[in-house]
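Colleague: Have a look; sequence and predicted model below, questions after that.
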Amino acid sequence: MKRLPIIVLTLALCLLTAGCGAKPNEPADGDSAKAGIVERMATVKAEEIKYISSFFSREYVSAEDMASVLNAAAEHHSEQPGQGLDHYTMEIYLSGGPDAYNSSDEHFVFFAGLDENHINGIYFNGKGDSHRMSFEDETLYWLIRNGYRTEVQVDKDAYEYHQAILDQRAQRLAAQCASPSQQSRFCAHLMHHEKRKINVYSSI
């Protein structure tokens, strides 16, 4: 009976430390994964960035600027992932090369869609592990988006010739999007591609 207080005290200590053998303040697996990408973005230096891959941007993004953007974006992580389709991507390699880069290298991959300022990111540590997190950062978002922009040369005479057809198509699409049965995000997706088509037609 004299040992009963000792047993009770031991049980109480186990409960206070969230279970015998558990480490206090040890993050759950999900929190650890989030910390992986956030901490790497926050600490990445310009000299670590080997290669930045975007689509067909003619604007060169320096390693110094990219590191600064990543450091700042790390503070803007979000619990809510970006919605909709990811149309735009950017890959940033921290190892590999210089002749070739592949998925086994340490790198980031960022995805962005039409949901402005929302980015989904994955960090591959080069050791077979990957960490995911969402961010809400205007600078990083538009850096990814602008990598897909091209200079459009508009033939004004051709545009005026096709303007009536283009206006009719735009009005028809606007009417469809105004219908309650249409979802606004889907219509925004259509409008994005229609604008690209109009730019192509206008330059013919």
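Modeller: Noted; the coordinates are in hand.

Colleague: quick one, helices of this structure?
Modeller: 4-16, 29-43, 63-73, 138-146, 156-178, 184-202 (DSSP state H).

Colleague: Pull out the buried positions in the shortest one.
Modeller: Within helix 138-146, the residues that qualify as buried are 140-141, 143-145, counting by 16 or more other Cβ atoms under 10 Å. To be clear about C-beta, it is placed using only N, CA and C from the backbone, and glycine gets the same treatment.

Colleague: helices and strands around it, which ones?
Modeller: helix 63-73, strand 88-93, strand 107-112, strand 118-124 (3 or more Cβ pairs under 8 Å, 6 or more residues apart in numbering; DSSP states H and E).

Colleague: Which among those is found nearest to E160?
Modeller: strand 88-93 (31.9 Å; Cβ to Cβ).

Colleague: In the protein, where is pLDDT below threshold?
Modeller: Across the chain, the ranges flagged by pLDDT under 70 are 1-35, 55-59, 81-85, 151-153, 177-204.

Colleague: and the nearest residue to S130 once chain neighbours are set aside, what does it touch?
Modeller: Nearest non-adjacent residue to S130, counting by Cβ to Cβ, 6 or more residues apart in numbering: F124, 5.0 Å away. If you count contacts by Cβ atoms under 8 Å, 6 or more residues apart in numbering, F124 has them with 103-109, 130.

Colleague: any chance of the helices and strands packed on helix 138-146 in CSV, plus distance to E79?
Modeller: Shown next, in CSV, are the helices and strands packed on helix 138-146 (distance: least, Cβ to Cβ, whole Å):
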stretch, distance to E79
helix 63-73, 15
strand 88-93, 22
strand 107-112, 17
strand 118-124, 12
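
Colleague: closest to R149 out of those?
Modeller: Checked against Cβ to Cβ, the stretch from the helices and strands packed on helix 138-146 lying closest is strand 88-93, at 10.3 Å.

Colleague: Each with direction, which strands does that closest one pair with?
Modeller: Looking at strand 88-93 with DSSP bridges, its partner strands are strand 51-53 (antiparallel), strand 107-112 (antiparallel).

Colleague: Greatest separation within the buried residues of helix 138-146: which pair is it?
Modeller: The most widely separated members of those are L140 and R145, with 9.8 Å between them, by Cβ to Cβ.

Colleague: and the nearest residue in space to T139 that is not next to it in sequence, what does it touch?
Modeller: Spatial nearest neighbour of T139, chain neighbours left out: V69 (5.4 Å); criterion: Cβ to Cβ, 6+ apart. For V69, the contacting residues are 139-140, 143, by Cβ under 8 Å, 6+ apart.

Colleague: Turn those into CSV, including distance to G96.
Modeller: Output for the contacts of V69, formatted as CSV (distance: Cβ to Cβ, whole Å):
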residue, distance to G96
T139, 26
L140, 22
L143, 21
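
Colleague: List just the nearest of these to A42.
Modeller: A42 has its nearest neighbour among those in L140, at 13.1 Å by Cβ to Cβ.

Colleague: what about the closest residue to the closest one other than its chain neighbours, neighbour count?
Modeller: Distances taken as Cβ to Cβ, 6+ apart place A73 nearest to L140, at 4.4 Å, with adjacent residues excluded. Residues near A73, counting by other Cβ atoms under 10 Å, number 23.
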